[in-house]
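Visitor: Next one to model:
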Amino acid sequence: MAQNFAHGNYSHTQKKARNSGGGRTPRDRARRTLSQNFLVDRHAVDLMIKAAAPEGLVVEPGAGEGVLTLALAEAGARVIGYEIDPLLAGRLAARTHDDPGIDVVRGDFTAARAPREPFAVVGNIPYAITSKIVDWCLRARALTSATLLTQREYARKRTGDYGRWSLVTVESWPWFDWRLGDTVGRESFRPVPSVDSAILRIQRRDEPLVTGRHSYQELVELGFGGVGGSVRASLKTRYAGVEAALEAAGVARDAVVGHVHPDQWVALWWRLCR
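Guide: A predicted model of the protein is given here:
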């Protein structure tokens, strides 16, 4: 369930109407609290299934009305669908009661214990807790991939589409590949959110690109710490041979941290930390 957290126009009149309930039913107010925007476009569902290529066990955060849940099961996956809204969870559980490939759990996905067997995460997820869901995925030892329908801006930032790279992507890069998938327009949801979405694909690598997790993350965190205003200045506070390492990795002497490609961080680690 994609959540819309764009604020819109907060005029005095609108605030008053909102505070008085505006004629909304309790169900309308519950949906607004959860910011539920349901995927209603079959083409968008097909794009998610194609990107995820589901097989084996799939865990779905925010199963909602079950559009994606059913598609995943039809594609051959065993699905555990988490839904925090008790009404929706009950409806979906009743609808799929006779399907042995679907298990509906009423609860918070981010509080769930990750499966021990290999599994994938596939979901149309709440915008407002995207980072929390991504963090959960990155911590899950048996996760093979995560295919997430997120706010398009988030997906672009995490995959370097703006020409800059974020700490979470760089820090996890040796273990996970991040890819930007198809755009899904806001008209594919009901209610219609104020922004477009995109498919974010996070794939665990067969083999890590570095052999030392702690030393790699220390290197990256120091670089992102901002000491001295450049990667070069930051790294020189702790490491020897920084000039040669930067040149070998193809990093400019005055490069700012966001412009350093994750593969260049890996190259820096091999030069500075082995």
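
Visitor: what helix or strand is residue 223 on?
Guide: Using DSSP states H and E, residue 223 sits in helix 213-224.

Visitor: any residues touching the helix or strand following that helix, and which ones?
Guide: For helix 213-224, the succeeding helix or strand toward the C-terminus, using DSSP H and E, is helix 231-235. In this structure, residues lying in contact with helix 231-235 by CB atoms under 8 Å, 6 or more residues apart in numbering are 219, 222-223, 225-228, 242-243, 245-246, 251, 253-257, 260, 268, 272. C-beta coordinates here come from the backbone N, C-alpha and C atoms, glycine included.

Visitor: Narrow those residues to those that are buried.
Guide: Buried subset of the contacts of helix 231-235 (neighbour count, 16 or more other CB atoms under 10 Å): 219, 222-223, 242, 245-246, 251, 255, 257, 260, 268, 272.

Visitor: which one of the residues you listed is nearest residue 133?
Guide: residue 257 (25.2 Å; CB to CB).

Visitor: follow-up on the earlier one: among the buried ones among the contacts of helix 231-235, which one sits closest to residue 42?
Guide: So of the buried ones among the contacts of helix 231-235, ranked by how close each gets to residue 42 (CB to CB), first place is residue 260, at 40.7 Å.

Visitor: gap between that closest one and residue 173?
Guide: Going from residue 260 to residue 173 by CB to CB, to the nearest Å gives 11 Å.

Visitor: likewise residue 96?
Guide: Counting by CB to CB - residue 96 and residue 173 are separated by 37 Å.

Visitor: doesn't residue 98 fall inside a helix?
Guide: No. Looking at residue 98 with DSSP: H, G, I helix; E, B strand; the rest coil, it is coil, so not inside a helix.

Visitor: Give me the residue ranges of the stretch 1-150 of the chain where confidence is low.
Guide: Counting by pLDDT under 70, the ranges of the stretch 1-150 of the chain that qualify are 1-35.

Visitor: got the residue ranges for the helices in it?
Guide: For the stretch 1-150 of the chain, the helices defined by DSSP state H, counting those that start in this stretch cover 12-19, 26-34, 42-52, 67-74, 86-95, 130-139.

Visitor: From residue 169, how far off is residue 91?
Guide: 37 Å.

Visitor: Tell me which of these two has more neighbours.
Guide: Set residue 91 next to residue 169 and count neighbours by other CB atoms under 10 Å: residue 169 wins out with 19 against 16.

Visitor: Quickly find the element holding the more buried one.
Guide: With DSSP H and E as the test, residue 169 turns up in helix 167-172.

Visitor: Quick one: list the elements packing against that helix.
Guide: Judged by 3 or more CB pairs under 8 Å, 6 or more residues apart in numbering; DSSP states H and E, helix 167-172 is in contact with helix 130-139, helix 213-224, helix 262-272.

Visitor: Out of the ones you listed, which is the most enclosed?
Guide: Highest mean neighbour count among those (mean count of other CB atoms under 10 Å): helix 262-272, with a mean of 20.

Visitor: what angle separates that one from helix 213-224?
Guide: 110 degrees (axes from the mean of the first three to the mean of the last three CA atoms, to 10 degrees).

Visitor: what's the distance between the nearest residue to residue 104 once chain neighbours are set aside and residue 84?
Guide: Leaving out its chain neighbours, the residue that sits closest to residue 104 by CB to CB, 6 or more residues apart in numbering is residue 93, at 4.1 Å. With distances taken as CB to CB, residue 93 is found 13 Å from residue 84.

Visitor: what touches both of those two?
Guide: residue 106.

Visitor: if we can go back for a sec, check the offset of the helix holding residue 223 from the chain's centre.
Guide: Relative to the centre of its chain, helix 213-224 is centred 22 Å away, using CA atoms, centre = their mean, to the nearest Å.
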